[in-house]
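**Student:** Could you work out the structure for the sequence below:
(chains A and B)
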Amino acid sequence: MPEQTKGLVLAGVGGQGVILAGMIVADALVRAGHDVKQSEVHGMAQRGGSVFSHIRWGQSVDSPLVPEASAEVLAAFEWAEALRWVSYVREGGAVVADLRTIVPPGACRNTRSWATTYPGVDPDLFVDRRLTAHLVDAASTATELGNVRTAGSVILGAVSRFCGIDQIHWEAAIESLVPRGTEEVNLAAFRAGCEVGEATIPVAPAPPEGFSGPHQIEIDHTWCKGCDICSRVCPEYCLAVDLRGQLNVVNADVCTGCHLCELLCPDFAISIHPPSTEVVTAVD
Amino acid sequence: MTSSDSHTSASASAQEPSVLLSGNEAVARGAVEAGALVAVGYPGTPSTEILESISDRTDIDVRWSPNEKVALDVALGASLGGVRALATMKHVGLNVAADTFMTAAYTGVRGGLVIIVADDPGMHSSQNEQDSRAYARMAGVPLFEPSNSTEAKEFTRLAFDVSEEFDTPVLVRTTTRVSHNRGIVELGSRIEAPSLGFERDPAKYVMIPGFARGRRPVLLDRLERLTAYAEESELNLEFGQPPSPGDNSTFGVVTSGIAHQYVREVLPDARVLKLAMGYPLPFERIRAFSESVDRLFVVEELDPLLENDLKAAGIEVEGKTLFPQIGELSPDPVRSGFAKAGLIDARPEAEPAPPTVARPPLMCPGCPHTPPYLALKRLGAVVAGDIGCYTLASLEPLAAMDTCVAMGSSIGMAVGMAASGGADGPVVATIGDSTFVHGGIQGLADAVYAQANITVLILDNGTTAMTGGQEHPGTGLTLQGAETTPIDLVGLCKALGVRDVNVVDPYDLAATYNSLEAAMAYAGPSVVITNRPCVEAPIKVRDQPYEVISEKCTACQACMTPGCPSIVWTDELHEGRKKVTIDPVSCTGCTLCVQLCTPMAIVSVPRKKGGSGA
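**Tutor:** Numbers count the residues shown, from 1 in each chain, chains lettered A, B, ... in the order given. Got it, this is the predicted structure:
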């Protein structure tokens, strides 16, 4: 019976060094005498998108992609990315997740609830799936060693205990692939990662109060000369000057009450009222 | 072609090391070992790294072309000049090169001519997922389909031999999972393939109707000989044990390319006929294989080309009723397909991943393309977009692009949009510098010719950013970084007849807004060119970062409107709204948010020194 092919998934955010880490893992596995395939997607990666690298090893590897629910270990460089890929880990497998959170700007859009769509840190998610969870704070460990950018090597150290290959292969791979001049600091980070302890789970802040309805925009057309300053600055695109030069409220239901239009209007033609206030019909 | 006209090919003799190579690096290595002297292409995911991986070789002329058609023209010219030439492109690039490709099948070659086309099933970084194997059938050109890095190298090397032996261009088709998969490859040594020289032969190389009619039967005859070659080819591999006599509950699988790996993964003991050549097909061999099994399956990524060809030849197969025609294959859908066929048990559904945040790619912090789109959104323009990083401006919060179809299409589409009279705002075409050189110049010629009332915004960041920062004829540098003559964009636009051409610094939001507003008001075609370099390539631009003075922040959200990845909410509130913070590590100091901040809450901070590491 040939040795069964094993899989590892690395996941993170563009710029975190996931691709380089994947190359290091693949190189270490080759040095240990395995057949190895490593697959990743370039292209969009450097623009802050999700980045992953699949690595498979064994006697003779066929698919370069890790099938679902079959990976020995998931190494996530970021919390939300750990959740995205956890279904690829086999039952009883391991998750090494950095508690680092990188909130994408798209998670900060809901100006009604003011709640982000970023998932809360909850280690029970892994326990419920019968996975071994190893939650780390690689950035702090790397910073203590003097270079926050070696966090990836710390994570590789934490991952190494689940891959079953000798330490010397890891260290040789790191030495040959990290940028010249950073070999020592990355090796130190890797060794620290091998022994890194569990991170403290941060306390989640209380959710914001929410949205009690849009603020109300009152325009005094006798004073407005249609100069367009307010519509150019409104962050919610509530205002527009039409072809006749008249200012109109075009998105009445999204005003957050920031008062920018009111403050910048040179003619005092705009008043913003809180959601509950009954507004007198605009003077025409 | 006589034998003395052909380059001698030898397999690797000297022991060379085994290394981990991506499919792209392996393809390039195959061309190196085959003695190629010219390698050209236009960058496009997932093909870009092929040329980059051999850019430092002094024994091969490696170049970027302005587009794929020019690349194939250069490669064909080199081939007729007697040297082995490689052209690389992504699937949609072959559409651009298709005109040359179709007729190169008539002219044939002198030095071996190999075209690499990298398909992108699943559209990881593409506008469609067309199946380029169809081009081989349409042109009558042989097609190789490697399934891993070793084959990527070997098939490319061999493709040069086939090209010369049969006097035909050869198509090698990879997919994302072949191009961007690293595997162990045994290196061979490079053969010498000096130029055979050009030989005047108008009947072969001048495709006027009278001569082309003479080449058409040559093409069909060649295909017959290629079919015989495919029937005998030892590269078509059979896996699994032949059935014992009398066993009539057997099945077999015909497959090619990456799909083969998934079949092996799911059914390691199955009988498989793996085709190295996807065209022309060895029907007799497949027929013999089919007669040895009761059920024959075809597993292929994307379209049912193999399946339909086999059915047309009267070979009964099962394919797309079981396996998806949409998107990328992987072991999971292949397993489901065979489970549906009743051959294996379906795997229990994996527990779905918990909900997490969407993380689409974004325009980088400091991207010089962001401010113009913010201005276009404020100006209410109807924006015909194009292909590049800036296509991301179509997403929230900018949401300032209305169309994007093909390289260079923006300008022609804007001309048509203006002609339709159906746009509810001024019509603007937006196009990057590399894309403009690739396919936008003729569009601008048409805008002038039609005196179309449109504005063309050329986003000149001095690189081909989307694919990682490649040089192009507008940058004045070659693939190797050597200086050459750059295109003068302003001079070019004026020479085409555009009277209103303005250059603006996109980091000055007000100037950009005013410049675009004035250009839109101009009657007739106008051009605005933004002139800030990409912040990521060729040089990482990192100015002093900025930070938010929390006490001054009124949480108005104005700085959130460009969608800068460096700016996110904090948990602090002002009048119930969330205040913001800037990540000092990723902030490039472009000042766009500073210009948007009315309470002047954003100030610069000295950058801390940081090292580099993994």
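**Student:** what about B:Gly140, neighbour count?
**Tutor:** 18 (other Cβ atoms under 10 Å in any protein chain shown). To be clear about C-beta, it is placed using only N, CA and C from the backbone, and glycine gets the same treatment.
**Student:** show me the contacts for it.
**Tutor:** Neighbouring residues of B:Gly140 by Cβ atoms under 8 Å, 6 or more residues apart in numbering or on different chains: B:Ala105, B:Leu219, B:Leu220, B:Arg222, B:Leu223.
**Student:** likewise B:Ser47?
**Tutor:** B:Asn24, B:Gly41, B:Thr88, B:Met89, B:Lys90, B:Gly93, B:Ile116, B:Val117, B:Ala118, B:Thr174, B:Ser179.
**Student:** Determine which two of those residues are furthest apart.
**Tutor:** B:Asn24 and B:Gly93 (14.3 Å; Cβ to Cβ).
**Student:** Please, which helix or strand holds A:Gly146?
**Tutor:** Per DSSP states H and E, A:Gly146 falls between elements, in no helix or strand.
**Student:** Tell me how many other residues surround it.
**Tutor:** A:Gly146, neighbours per other Cβ under 10 Å, totals 12.
**Student:** separation between it and chain B?
**Tutor:** 8 Å (Cβ to the nearest Cβ, to the nearest Å).
**Student:** ok, for that residue, nearest residue in space, not its chain neighbours?
**Tutor:** Computed as Cβ to Cβ, 6 or more residues apart in numbering or on different chains, the closest residue to A:Gly146 that is not its neighbour in sequence is A:Val185, at 6.7 Å.
**Student:** pLDDT (mean, whole number) over the helix ranked longest in chain A?
**Tutor:** Counting residues, the longest helix in chain A under DSSP state H turns out to be helix A:18-31. The average pLDDT for helix A:18-31 rounds to 95.
**Student:** hang on, the earlier thing: now which of the contacts of B:Ser47 would you call buried?
**Tutor:** With neighbours counted by 16 or more other Cβ atoms under 10 Å in any protein chain shown, the contacts of B:Ser47 contain buried members at B:Asn24, B:Gly41, B:Thr88, B:Met89, B:Lys90, B:Gly93, B:Ile116, B:Val117, B:Ala118, B:Thr174, B:Ser179.
**Student:** quick one: the third one is in a helix?
**Tutor:** Going back to what we said before, that points to B:Thr88. No. With DSSP: H, G, I helix; E, B strand; the rest coil as the criterion, B:Thr88 is strand rather than part of a helix.
**Student:** show me what contacts it?
**Tutor:** B:Thr88 neighbours (Cβ under 8 Å, 6+ apart): B:Val27, B:Ala39, B:Val40, B:Gly41, B:Ser47, B:Ile50, B:Leu51, B:Ala71, B:Ile115, B:Ile116, B:Ala118.
**Student:** same thing with the second one?
**Tutor:** B:Gly41 is in contact with B:47, B:50-51, B:64-65, B:68, B:71, B:86-89, B:93, B:116, counting by Cβ under 8 Å, 6+ apart.
**Student:** Equivalent analysis for the fourth one, please.
**Tutor:** Taking Cβ under 8 Å, 6+ apart, we find B:Met89 in contact with B:41-42, B:44, B:47, B:68, B:71-72, B:96-97, B:115-118.
**Student:** Setting the sequence-adjacent residues aside, check what's closest to it.
**Tutor:** Nearest one to B:Met89, counting by Cβ to Cβ, 6+ apart, is B:Glu68 at 4.2 Å.
**Student:** The one you found contacts B:Val96, doesn't it?
**Tutor:** Yes. Proximity of B:Glu68 to B:Val96 meets the contact threshold set by Cβ atoms under 8 Å, at 4.3 Å.
**Student:** more neighbours, the two?
**Tutor:** Applying other Cβ under 10 Å to B:Glu68 and B:Val96 shows that B:Glu68 carries more neighbours, namely 31 against 24.
**Student:** And A:Cys260, how far from chain B?
**Tutor:** You called it Cys, but residue A:260 is Leu. For A:Leu260 relative to chain B (Cβ to the nearest Cβ), the value is 5 Å.
**Student:** Wait, that residue touches B:Cys559, no?
**Tutor:** No. Between A:Leu260 and B:Cys559 there is no contact under Cβ under 8 Å: 11.6 Å.
**Student:** All the strands of chain A, residue numbers only.
**Tutor:** Using DSSP state E, the strands of chain A run over A:6-13, A:35-40, A:50-58, A:71-76, A:89-98, A:132-136, A:216-219, A:239-241, A:247-249, A:270-273.
**Student:** er, the stretch 51-200 of chain B I mean
**Tutor:** B:61-64, B:85-90, B:113-119, B:143-144, B:170-175, B:181-186 (DSSP state E, counting those that start in this stretch).
**Student:** other SSEs contacting the shortest one?
**Tutor:** It stands for strand B:143-144. On a contact count with 3 or more Cβ pairs under 8 Å, 6 or more residues apart in numbering or on different chains; DSSP states H and E, strand B:143-144 meets helix B:149-166, strand B:170-175, strand B:277-279.
**Student:** Please apply the same query to the fifth one.
**Tutor:** The elements that strand B:170-175 packs onto, with contact taken as 3+ Cβ pairs under 8 Å, 6+ apart, are helix B:23-33, strand B:113-119, helix B:133-139, strand B:143-144, helix B:149-166.
**Student:** Indicate which one of these is closest to B:Cys404.
**Tutor:** Once these are compared by Cβ to Cβ, strand B:113-119 is nearest, at 19.8 Å.
**Student:** Okay, angle between the closest one and helix B:149-166 too, please.
**Tutor:** 140 degrees (axes from the mean of the first three to the mean of the last three Cα atoms, to 10 degrees).
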